[in-house]
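Trainee: can't give you the sequence, but here's the structure:
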């Protein structure tokens with residue numbers, strides 16, 4: 001007997017739709033379980049094979065938990081408020097609201113044909129005011145919430161202090177600038193991937209070989225004022241919380257790396273500029289005890305400091321290297337195995353023994369990580385060792401017979 005899947009599946013899909021078999025009530029005596037998929041971008045004519053590849057697995061798990069007696073919430077939505085949807089509309093010469101609506105309708109039909117067990121009454125579209133009003137609400141709650149620097153969280157003190165009389169004398173701008181040191185959502189400056197053609201900042205994943213993934217437009221590094229969340233202030237609390245949740249070890253490790261807590265010290269070196277001035281160079285290190293093994297410094301090429309300390313005879317080489325680095329995304333720079341760098345011509349002074357230390361710029365140091373500068377100890381660090389060998393920088397042995 002032939003299985004007439006078109007008529008049979010269509011019949012039962014309609015039956016399930018009319019009966020609301022996948023509808024989930026908020027009120028239930030059953031234990032709750034939440035299965036959430038990553039929402040697709042409605043930026044194409046339809047789903048690709050990667051969408052059902054993930055959705056089928058989560059659908060199986062949702063059905064399994066439902067059969068186990070759980071009240072399973074398994075919603076679906078569309079990540080429709082961003083560059084992919086906008087770029088699709090530009091490429092096809094239509095208004096993004098029109099193209100997004102048409103793409104969502106097609107996506108929905110394709111998902112229904114596969115018959116996933118989504119509760120469509122809970123559909124989410126991130127481009128609609130009914131959704132993004134809540135993301136705006138969350139942001140405002142964070143903006144108007146303050147980090148208590150008098151508490152023992154991470155042991156940090158307030159970066160500013162003032163009396164009530166001084167506060168009353170401040171103008172509105174000064175007050176707002178001070179409050180930015182305490183807000184959970186705050187403004188700051190940072191290096192970003194800027195695409196002039198798209199008129200927006202791109203994530204590292206959206207930059208490939210110095211151009212945008214969508215459209216192939218040039219991307220450069222640029223320092224812009226942008227919003228941040230004060231996450232690292234809560235590093236201890238976040239790490240402690242990881243120990244109390246039922247996640248896999250691999251997931252916990254990934255989260256720990258994202259929280260990125262590190263214990264160490266900041267050390268200030270002085271650099272003499274070509275103009276004869278002295279500029280401070282602060283580095284963060286987890287091994288301050290290796291200070292006498294520092295044989296060179298490395299700074300992020302995009303730091304403003306590089307231009308100030310570069311000598312006239314090294315300027316051309318430094319400028320050429322900066323052009324190369326600006327075409328690279330942070331992900332590409334971090335994954336690069338080839339050793340690259342350029343000597344600035346400047347020297348830093350070791351604050352402990354007065355030794356002059358050459359200052360290099362290299363793409364493996366990123367401006368957004370730490371202070372954007374490192375002290376290199378090649379006798380105790382493999383990456384520093386390879387860099388020193390490549391550029392024939394003399395190596396100081398501070399660990400005796402253990403140095404190999």
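Mentor: Looks like it arrived, so ask away. In this text the structure is predicted, and so the values were computed from the model without any measurement.
Trainee: against residue 299, how distant is the residue nearest to residue 364 when sequence neighbours are not counted?
Mentor: Spatial nearest neighbour of residue 364, excluding adjacent residues (C-beta to C-beta, 6 or more residues apart in numbering): residue 333 at 6.5 Å. Where C-beta positions appear, they are placed from N, C-alpha and C, glycine not excepted. In this structure, residue 333 and residue 299 are 14 Å apart, going by C-beta to C-beta, to the nearest Å.
Trainee: let me see the contact set for the residue nearest to residue 364.
Mentor: For residue 333, the contact set (C-beta atoms under 8 Å, 6 or more residues apart in numbering) comprises 325, 363-364, 366.
Trainee: give me that answer again for 10 Å
Mentor: 204, 221, 300-301, 325, 340, 362-366 (C-beta atoms under 10 Å, 6 or more residues apart in numbering).
Trainee: need the residues touching each of residue 333 and residue 299.
Mentor: 362, 365.
Trainee: in the strand or helix carrying the residue nearest to residue 364, what's buried?
Mentor: In this assignment (DSSP states H and E), residue 333 forms part of helix 330-335. Within helix 330-335, the residues that qualify as buried are 330, 333, counting by 16 or more other C-beta atoms under 10 Å.
Trainee: do a quick rundown of the helices in the stretch 101-250 of the chain.
Mentor: With DSSP state H, counting those that start in this stretch applied, the stretch 101-250 of the chain shows helices at 129-143, 164-169, 172-179, 235-242, 249-259, listed in chain order.
Trainee: closest one to residue 266 among those helices?
Mentor: When the helices of the stretch 101-250 of the chain are ranked by distance to residue 266, counting by C-beta to C-beta, first place goes to helix 235-242 at 16.7 Å.
Trainee: next helix or strand past the helix holding residue 333?
Mentor: That would be, after helix 330-335 and using DSSP H and E, strand 342-349.
Trainee: now for the helix or strand following that next one, which elements pack on it?
Mentor: Next along the chain after strand 342-349, taking DSSP H and E as the criterion, comes strand 356-361. For strand 356-361, the packing partners by 3 or more C-beta pairs under 10 Å, 6 or more residues apart in numbering; DSSP states H and E come out as strand 265-272, strand 296-299, helix 304-309, helix 315-326, strand 342-349, strand 373-376.
Trainee: go again with 7 Å.
Mentor: Taking 3 or more C-beta pairs under 7 Å, 6 or more residues apart in numbering; DSSP states H and E as contact, the helices and strands that strand 356-361 lies on are strand 296-299, strand 342-349.
Trainee: starting at the chain centroid, how far to it?
Mentor: Relative to its chain's centre, strand 356-361 lies at 29 Å (C-alpha atoms, centre = their mean, to the nearest Å).
Trainee: so what touches that strand?
Mentor: Contacts of strand 356-361 with the rest of the structure, by C-beta atoms under 7 Å, 6 or more residues apart in numbering, involve 271, 294-299, 301, 306, 309, 318, 321, 341-344, 346-350.
Trainee: from the helices and strands packed on strand 356-361, which stretch is densest packed?
Mentor: strand 296-299 (a mean of 24; mean count of other C-beta atoms under 10 Å).
Trainee: how many residues are close by residue 360?
Mentor: 20 (other C-beta atoms under 10 Å).
Trainee: roughly how far does it sit from residue 108?
Mentor: When distance is defined by C-beta to C-beta, residue 360 is 55 Å away from residue 108.
Trainee: what do you get for residue 30?
Mentor: In terms of C-beta to C-beta, residue 30 sits 28 Å off from residue 108.
Trainee: who has more neighbours out of those two?
Mentor: Neighbour count, other C-beta under 10 Å: between residue 30 and residue 108, residue 108 has more, with 16 against 12.
Trainee: which ones are touching that one?
Mentor: Counting by C-beta under 7 Å, 6+ apart, residue 108 has no contacts.
Trainee: now do it against residue 118, distance only.
Mentor: Counting by C-beta to C-beta - residue 108 and residue 118 are separated by 10 Å.
Trainee: give me the spatial nearest neighbour of residue 371, chain neighbours excluded.
Mentor: residue 282 (5.0 Å).
Trainee: and for whichever strand or helix holds that neighbour, what's in contact with it?
Mentor: With elements delineated by DSSP H and E, residue 282 resides in strand 278-285, which encompasses its position. The contact list for strand 278-285 (C-beta under 7 Å, 6+ apart) reads 264-273, 297, 305, 308-309, 348, 370-371, 373-375.
Trainee: quick one, that strand and strand 265-272 angle?
Mentor: 150 degrees (axes from the mean of the first three to the mean of the last three C-alpha atoms, to 10 degrees).
Trainee: state the mean pLDDT of strand 278-285.
Mentor: Model confidence over strand 278-285, given as mean pLDDT, is 93.
Trainee: show me which positions of it end up buried.
Mentor: Of the residues in strand 278-285, 281, 283-285 count as buried by neighbour count, 16+ other C-beta under 10 Å.
Trainee: go on, stretch 387-394?
Mentor: For stretch 387-394, by 16+ other C-beta under 10 Å, it's 387-388, 393.
Trainee: first-to-last residue distance for that stretch?
Mentor: For stretch 387-394, the separation between the terminal residues is 11 Å (C-alpha to C-alpha, to the nearest Å).
Trainee: again with stretch 210-227
Mentor: In terms of C-alpha to C-alpha, the two terminal residues of stretch 210-227 are separated by 24 Å.
Trainee: quick one: it to chain centroid distance?
Mentor: Mean C-alpha position of stretch 210-227 versus that of the full chain (C-alpha atoms, centre = their mean) differs by 14 Å.
Trainee: for stretch 362-376, same thing?
Mentor: 17 Å.
Trainee: buried stuff in it?
Mentor: With the criterion 16+ other C-beta under 10 Å, stretch 362-376 contains buried residues 362-363, 365-367, 370-376.
Trainee: in CSV: those residues, plus distance to residue 354.
Mentor: Rendered in CSV, the data for the buried residues of stretch 362-376 read as follows (distance: C-beta to C-beta, whole Å):
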residue, distance to residue 354
362, 25
363, 30
365, 24
366, 30
367, 28
370, 25
371, 22
372, 24
373, 19
374, 20
375, 15
376, 18
